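K.L.:
test case, fold it:
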Amino acid sequence: MKNLSTEKPLPRIKIVGRTLRSERGISLVVVIMLMVIILAITGAGLLFSGIDLRISGNYRVGTQAFYAADTGASFGFSQIVSSTVASTAAFGPLPVNGGTYCSGTIATTGVGCATPQPLMNPPATSVAVEATLSSGPVYNSDRAGFFTYQYTIDATGVGPLGAARQVQALATFGPVQ
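P.N.:
Numbering: from 1, shown residues only. Next up, the predicted model:
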């Protein structure tokens, strides 16, 4: 057995004012730093993928609302006839794939859907007379007695999650005598 009192004492490491000579624990520091970097990259990826999902979802419901409004504009075109009362009549709300459409503009208060379509520039007697060419009837602007009606068609489409889009179109009907 050795005598412990005669053995040489272990050297003490001074931290202040002197660099450490021991490399113990450095791998732990490196691993922790790498884990922090990997977790930051993973967190950023999850954040951006969540934002992309919301953007694509908003685009989808907005597109559905636009197509509903486009269907409403087509319906507005189809109801234009020689009667101005029937042509300016309000329509909707009517269901369409995943949404609804109606006449009128987007209103935040809920009022404004299914409003009558305005008749633009109600005509006095304007000029247009039918002539026949090889391609079919053509209306000349040198004779009085015929006129046209011009309508503004406002259609609002509401899609899922309350997404709303508005389509506005001009339509001309005539000539009418």
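K.L.:
tell me how many other residues crowd the closest residue to residue 117 other than its chain neighbours.
P.N.:
The spatially closest residue to residue 117, leaving aside those adjacent along the chain, is residue 88, at 4.8 Å (CB to CB, 6 or more residues apart in numbering). C-beta coordinates here come from the backbone N, C-alpha and C atoms, glycine included. Neighbourhood size, residue 88 [other CB atoms under 10 Å]: 19.
K.L.:
contact partners for residue 88?
P.N.:
116-119, 151 (CB atoms under 8 Å, 6 or more residues apart in numbering).
K.L.:
hey, where'd the helices end up in this protein?
P.N.:
Using DSSP state H, the helices found in the chain span residues 26-78, 84-87.
K.L.:
mind putting those into a markdown table with mean neighbour count?
P.N.:
Below are the helices of the chain laid out as a markdown table (neighbours: other CB atoms under 10 Å):
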| stretch | mean neighbour count |
| --- | --- |
| helix 26-78 | 13 |
| helix 84-87 | 14 |
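K.L.:
nearest approach to residue 156 belongs to which of the ones you listed?
P.N.:
Evaluated with CB to CB, the helices of the chain place helix 26-78 nearest to residue 156, the distance being 5.8 Å.
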